[in-house]
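Trainee: Return a 3D structure for these sequence lines:
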Amino acid sequence: MGRLFGTDGARGIANTELTCELAMNIGRAAAMVLTENCENTHPKILIGKDTRRSSYMLEGALTAGLCSIGADVVLLGAVPTPAVAYLIKKYQADAGIMISASHNPFEYNGIKIFSSDGYKLPDALEAEIESIVIDKSKPFFKPVGDGLGRVSRALSAKEDYIEHIIGTVPYRLDGMRIAVDCSNGSASSTAETLFTRLGAECHMLADQPDGTNINKDCGSTHLENLQKYVVENALDLGIAFDGDADRCLAVDEKGNVIDGDFIMAICALDLASRNKLKRKTAVGTVMSNMGFSRFCSDNGLNFVSTDVGDRYVLEAMLREGYNFGGEQSGHVIFLDYATTGDGQLTAAQLLSLVNRRSAKLSSIATLMTKYPQVLINVKVTNEGKLHFFTNQAIKNKIEEVKQQLGNDGRILVRLSGTEPLVRVMLEGLDKELINRLAQETADLIKEKIGI
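Mentor: Here you go, the predicted model:
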């Protein structure tokens, strides 16, 4: 796997790349790093998981590693990633771990770690954990007797999280008819209860996880079934989550996709109208559509751009005192209510807004015009990822495309933080032109460093 942590935790194919031994050692190292200055003899660490079959295996390995260092483990069961982040504070825990590979296929899994304040670990602490696991910079603690940790289960974890989300909603969903795609993932355990309790009539899709069907032709990365279902059943709208429910996308009553940029535009303008958008600023990333930055400018809002990854959006928010940000992929952070992107919180806020206005989502979404965008993923080897930064032919092609697009578009070529991919993204007014230039760039990258 190389170094352990990418932009969203450690991730790999379960039992070959992300093995039991590695998970146990990550648990050991995380316990040492996170509890170094902890006053508790037995620090409390929460573990949540998504619905992948391998999550059971990794949960056991992490639990063993944490207990072997002296930490007490509280198992939350199958819950959304943001539930772990929220419950750390509610349960006065010292840290939390989520076992999930988010939107990836079921054979993958991952480990995300949260500190005692509910935020994802900063790069420095992840590097320290990596150093212990990979470089063996420190020996593992080996307490004995009553120095070992114990394991318990938080039976009210789902209910506590659901009640938290309900408490953030300013206007109920009574009268709304919605479809909810749970991606056969973590939202399957909470979404129907949450949205039904808020007053909506829920039509549930992909909410029967079997350990292998997470993200399979469903969820926020496969919206086709949701689009069709909403239109055929004349519903008000549909919402879709990814495997660990930290992101949300929507579908309007006509079947049109409402991505993270549209959701952010709708919510940002509403927050601003109620004087709840701090510094009149929305934080996005370099992948945010040009239409979103234009929307902000046209409506007297500031747009701040960060590197790709909700962790970098959050860092900018905390550093500068902003309270709203997110990504086109559907990671949206309402910092007044959560310390991380939360798909169900985002959906609840969006649905509440739509119902309060007694308007169609398609009508509300006209406030932003999306620039045509094309994204091509190129598979590369690990060696190819290293050469990406130094290959002169690729550099020359990117510069050539920039010159051709001028002020009417842009190109962004970057390495994926979680997969062996180079992502080629172009935006512009001329859809035929950006498609051609994107394919030319992708073909060159494949020729030079691709598989």
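
Trainee: what are the ranges of the strands in the stretch 201-350 of the chain?
Mentor: Across the stretch 201-350 of the chain, reading from the start of the chain, the strands by DSSP state E, counting those that start in this stretch fall at 201-205, 237-241, 248-251, 257-258, 281-285, 302-306, 324-326, 332-334.

Trainee: Can you say which of these is nearest to residue 144?
Mentor: Among these, the nearest to residue 144 by Cβ to Cβ is strand 332-334 (42.7 Å). Every residue, glycine included, has its C-beta placed from N, CA and C.

Trainee: Quick one: distance of that closest one to the chain centre.
Mentor: Centroid separation for strand 332-334 versus its chain: 10 Å, with Cα atoms, centre = their mean, to the nearest Å.

Trainee: ok, and what's touching that strand?
Mentor: The contact list for strand 332-334 (Cβ atoms under 8 Å, 6 or more residues apart in numbering) reads 168, 247-248, 260, 263-264, 267, 310, 313-314, 317, 323-326, 340-342, 345-346, 349.

Trainee: before we move on, the earlier item: mind putting the strands of the stretch 201-350 of the chain in a markdown table, mean neighbour count, mean pLDDT and distance to residue 26 included?
Mentor: Shown next, in a markdown table, are the strands of the stretch 201-350 of the chain (neighbours: other Cβ atoms under 10 Å; pLDDT from 0 to 100; distance: least, Cβ to Cβ, whole Å):
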| stretch | mean neighbour count | mean pLDDT | distance to residue 26 |
| --- | --- | --- | --- |
| strand 201-205 | 18 | 98 | 34 |
| strand 237-241 | 29 | 98 | 26 |
| strand 248-251 | 28 | 98 | 28 |
| strand 257-258 | 22 | 98 | 36 |
| strand 281-285 | 25 | 97 | 27 |
| strand 302-306 | 17 | 97 | 27 |
| strand 324-326 | 27 | 98 | 28 |
| strand 332-334 | 25 | 98 | 25 |
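
Trainee: mind checking which of these is nearest residue 364?
Mentor: That would be strand 257-258 among the strands of the stretch 201-350 of the chain, by Cβ to Cβ, at 9.0 Å.

Trainee: low-confidence ranges in the stretch 301-450 of the chain?
Mentor: 418 (pLDDT under 70).

Trainee: let's see it at 50
Mentor: Within the stretch 301-450 of the chain, not a single segment meets pLDDT under 50.

Trainee: Pretty sure residue 109 sits in a helix.
Mentor: No. Counting by DSSP: H, G, I helix; E, B strand; the rest coil, residue 109 is not part of a helix but strand.

Trainee: For the nearest residue to it once chain neighbours are set aside, which residues count as its bridge partners?
Mentor: Nearest residue to residue 109, sequence neighbours excluded (Cβ to Cβ, 6 or more residues apart in numbering): residue 14, at 4.2 Å. Counting by DSSP bridges, residue 14 forms beta bridges with residue 18.

Trainee: what number of residues lie near residue 14?
Mentor: 23 (other Cβ atoms under 10 Å).

Trainee: Kindly provide the distance from it to residue 3.
Mentor: Using Cβ to Cβ, to the nearest Å, one obtains 18 Å as the distance from residue 14 to residue 3.

Trainee: In this structure residue 451 contacts residue 377, no?
Mentor: No. Residue 451 lies out of contact with residue 377 (Cβ atoms under 8 Å); the separation is 11.6 Å.

Trainee: Neighbour count for these two, which is higher?
Mentor: A count of neighbours by other Cβ under 10 Å puts residue 377 above the other of residue 451 and residue 377, at 14 against 9.

Trainee: Leaving out the residues flanking it, which one is nearest to the more buried one?
Mentor: residue 421 is the one closest to residue 377 (Cβ to Cβ, 6+ apart), at 4.7 Å.

Trainee: Around the closest residue in space to residue 408 that isn't next to it in sequence, how many other residues sit close by?
Mentor: Leaving aside its sequence neighbours, residue 408 sits nearest to residue 429 (Cβ to Cβ, 6+ apart; 4.8 Å). Neighbour count for residue 429, taken as other Cβ under 10 Å: 13.

Trainee: Let me see the contact set for residue 429.
Mentor: Contacts of residue 429 by Cβ under 8 Å, 6+ apart are 371-372, 408-409.

Trainee: which of the residues you listed are buried?
Mentor: 371-372, 409 (16 or more other Cβ atoms under 10 Å).

Trainee: Reduced to three states, what does residue 75 come out as?
Mentor: Under three-state DSSP, residue 75 falls in the strand class.

Trainee: Would you check how far apart it and residue 82 are?
Mentor: 17 Å.

Trainee: higher neighbour count, these two?
Mentor: A side-by-side neighbour count of residue 75 and residue 82, using other Cβ under 10 Å, places residue 82 first with 31 against 16.

Trainee: Show me which positions of the helix or strand encompassing that one end up buried.
Mentor: For residue 82, the host element (DSSP states H and E) is helix 81-90. If you call a residue buried by 16+ other Cβ under 10 Å, then helix 81-90 has these buried ones: 81-88.

Trainee: Repeat that for stretch 85-105.
Mentor: Those buried within stretch 85-105 under the rule 16+ other Cβ under 10 Å are 85-88, 91, 93-104.

Trainee: Narrow those to those in helices?
Mentor: Among the buried residues of stretch 85-105, the members found in helices (DSSP state H) are 85-88.

Trainee: Stretch 374-391 spans what distance, first to last residue?
Mentor: 23 Å (Cα to Cα, to the nearest Å).

Trainee: can you check stretch 129-144 too?
Mentor: Stretch 129-144 end-to-end distance (Cα to Cα) = 23 Å.

Trainee: pLDDT (mean, whole number) over it?
Mentor: Averaging pLDDT along stretch 129-144 gives 91.

Trainee: cool, and stretch 77-97?
Mentor: 97.

Trainee: any idea where the helices of the stretch 1-150 of the chain begin and end?
Mentor: For the stretch 1-150 of the chain, the helices defined by DSSP state H, counting those that start in this stretch cover 20-34, 54-69, 81-90, 123-134.
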